[in-house]
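Chemist: Pasting the sequence and the predicted coordinates here, then a few questions.
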Amino acid sequence: MKLEESQQVPKLDYYGGALGALFPFLVFIAGVITIALSGAPDERGFWPVLILGLALGLILCKDRTAFSETVISGMSQKIVMIMITAWILASIIGILMTLTGFVEALIWLSNQVQLTGTGVVVATFLICCVVSLSTGSSFATILICSPLLYPTGGILGAHLPALAGAIIGGATFGDFIAPISDTTIASALSQDAEIGKTIKSRLKYVVPAALLALVGYFFVAYLNVSEIAIDLSKDLGNPKGLPMLFVPAIIIYLFLKGKHLLHGLLFGLVFGTVLGLILGLLPLTEVLSLDLENFAAKSFIIDGINRAVGLSIFTILLMGLVATLKASGLMDQLVDFAATRSKTEKQAEGWIAAVMSMAVLLTTHSIVAILMVTDFTKKTGEQMGISKMRRANILSLIACTFPFLLPYFIPVILMANMTNTGSEFDIPAVSPIEVGLYNFMSWGLLLMALITLLFGWGRTKLKTDGEE
């Protein structure tokens, strides 16, 4: 798999120089944090802030035609369309699984094994770790698991912020270490490191972080017992929807076979629809029905697309704004500044982490950030004798912390949005702030990153031939 080369865009100059280029982002970040702290219902509340940021950028940019073209170029990137298509299909699949009674089936199954509260949160984290390791995608894990596990855990009395944190925490696990994860591939290949050996070297980071996360989920869930009283002696749920388990299973299987994201999700949707119809779990009217009086069509597919609209528009606008920052050359200046101050191995590692952190915080996209700092990381690391795998691991440690903790990043917003799937069962949603706060997996990786940089954890010597 090859990394996509970034599109060539003209350099943008701003009135006010660097401050003018940064100002739209500062307004965006301030607005998003304010809205998130105020308990924004979903990412639609961020649309006006993004439009304001783009408008400010247009006003401050000296060449407004070039600015406009850069925004459109950023919005039309292939990765944007892949993400939006995945969200739409996964959202439709989530509604399909709910309509066919799979959530009730999970509740019934949990009741049979006496699994409630604390056990649900711990099991959710472990299940999502397996799914993310299999799919290599944090987005796919959140989209597949949330509509199934969040309502189930909520009904069974799980602590909701911890439950949401367990889902995104499990998604983070695979994003860091899965062989087919885009973060793993980008970080390793950008440093010319072998993916297999790089994954093996990450065990020393991911295992302690996962154990810390597991302990954290257990105690938080245990100390925050839900006020919902559940009588396990009663028959909860309904096992009729259990055959629908084949739907996520076949999707994961296709991902394991290396099939395209669109292939897996679209095939899973078609398979699930046919299976639901054959078993009598999905009424034909839910597939498509016409309301002639109101000139409207009704379908679970339409409902799924509507659910994905908010995040899709947010992503399109955000990637347009990110493209303008890349075109301003600020990141290139930051890289050059850091390169002149990396005099020792420890300093070089610190600057690699710092520049990667700045790139992630400003672009809000881990893969874009990795590609932006590739040359600096490789050149600085080679000069200071930092091994290929260690450079790749530092990049991934940063890429799997901030985007999964801060409320204005897509994974956190996506997870918060997916907690709305519990509304049909009167399960309240969780805010982006709570999602990041309870993602103990990313907090564990952040701790491992600090230990790595401060104390040299995982550092290896290079042989004369440059191999580790």
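Modeler: Structure's in. What do you need? Residues are numbered from 1 along each chain as shown.
Chemist: In contact with H263: list those residues for me.
Modeler: Shown in contact with H263 (CB atoms under 8 Å, 6 or more residues apart in numbering): L254. In this view, the C-beta of every residue, glycine as well, is placed from N, C-alpha and C.
Chemist: any idea which element it lies in?
Modeler: Element membership for H263 (DSSP states H and E) is helix 261-278.
Chemist: so where do the helices sit in the stretch 301-450 of the chain?
Modeler: Ranges of helices in the stretch 301-450 of the chain, per DSSP state H, counting those that start in this stretch, are 330-339, 345-363, 366-372, 374-383, 388-399, 410-418, 432-437, 440-455.
Chemist: Any idea which of the ones you listed has the lowest pLDDT on average?
Modeler: Per-segment mean pLDDT for those reaches its minimum on helix 330-339, at a mean of 73.
Chemist: Pass me the low-pLDDT residue ranges in the stretch 201-350 of the chain, would you?
Modeler: For the stretch 201-350 of the chain, the stretches flagged by pLDDT under 70 are 225-237, 256.
Chemist: quick one: the strands in it?
Modeler: Here the stretch 201-350 of the chain has its strands, by DSSP state E, counting those that start in this stretch, at 289-291, 296-298.
Chemist: now the residue nearest to G169 when sequence neighbours are not counted: how far from F218?
Modeler: The shortest distance from G169 to any non-neighbouring residue, by CB to CB, 6 or more residues apart in numbering, is to M441 (3.5 Å). Distance of M441 to F218, given as CB to CB, to the nearest Å: 13 Å.
Chemist: correct me, but D375 touches D332?
Modeler: No - contact between D375 and D332 fails when scored by CB atoms under 8 Å: they sit 9.5 Å apart.
Chemist: before we move on, the earlier item: of M441 and F218, which one has the most company?
Modeler: Between M441 and F218, M441 has the larger neighbour count (other CB atoms under 10 Å), namely 33 against 16.
Chemist: if I pick the more buried one, what's in contact with it?
Modeler: Going by CB under 8 Å, 6+ apart, M441 touches F125, I168, G169, G170, T172, F173, A209, A210, A213, F404.
Chemist: repeat for F46
Modeler: Taking CB under 8 Å, 6+ apart as the test, what F46 contacts is G31, V32, I35, A40, F314, Y408, I413.
Chemist: ok, back up a step: can you lay out the strands of the stretch 201-350 of the chain as JSON lines showing distance to T141 and mean neighbour count?
Modeler: Putting these into JSON lines (distance: least, CB to CB, whole Å; neighbours: other CB atoms under 10 Å) gives the following:
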{"stretch": "strand 289-291", "distance to T141": "32", "mean neighbour count": "11"}
{"stretch": "strand 296-298", "distance to T141": "30", "mean neighbour count": "12"}
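Chemist: closest to S190 out of the ones you listed?
Modeler: Closest to S190 of the strands of the stretch 201-350 of the chain is strand 296-298 (CB to CB; 46.1 Å).
Chemist: what does that closest one rub up against?
Modeler: By CB under 8 Å, 6+ apart, the residues outside strand 296-298 that reach it are T285, L288, S289, L290, D291.
Chemist: mind putting the contacts of M441 in TSV, neighbour count and distance to S342 included?
Modeler: Converted to TSV, these look like this (neighbours: other CB atoms under 10 Å; distance: CB to CB, whole Å):
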residue	neighbour count	distance to S342
F125	28	37
I168	33	33
G169	32	33
G170	30	35
T172	34	29
F173	30	31
A209	26	27
A210	23	31
A213	26	32
F404	29	27
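Chemist: out of these, which are inside helices?
Modeler: Cross-referencing the contacts of M441 against helices under DSSP state H gives F125, I168, G169, G170, T172, F173, A209, A210, A213.
Chemist: so which of these would you say is closest to M358?
Modeler: Closest approach to M358 among these (CB to CB): T172, at 20.7 Å.
Chemist: For that closest one, which non-adjacent residue is closest in space?
Modeler: Take T172 and drop its neighbours on the chain: the residue closest to it by CB to CB, 6+ apart is M441, 4.5 Å away.
Chemist: I'd like to know how far that neighbour sits from V220.
Modeler: Using CB to CB, we find M441 at a distance of 13 Å from V220.
Chemist: and the residue lying closest to K259 once chain neighbours are set aside, what does it touch?
Modeler: Nearest non-adjacent residue to K259, counting by CB to CB, 6+ apart: F267, 8.0 Å away. Listed by CB under 8 Å, 6+ apart, the contact partners of F267 are I250, I251, L254, K259.
Chemist: from the residues you listed, which is closest to Q383?
Modeler: K259 (40.8 Å).
Chemist: Look at the closest one and say how many residues are nearby.
Modeler: When counting by other CB under 10 Å, one arrives at 14 neighbours for K259.
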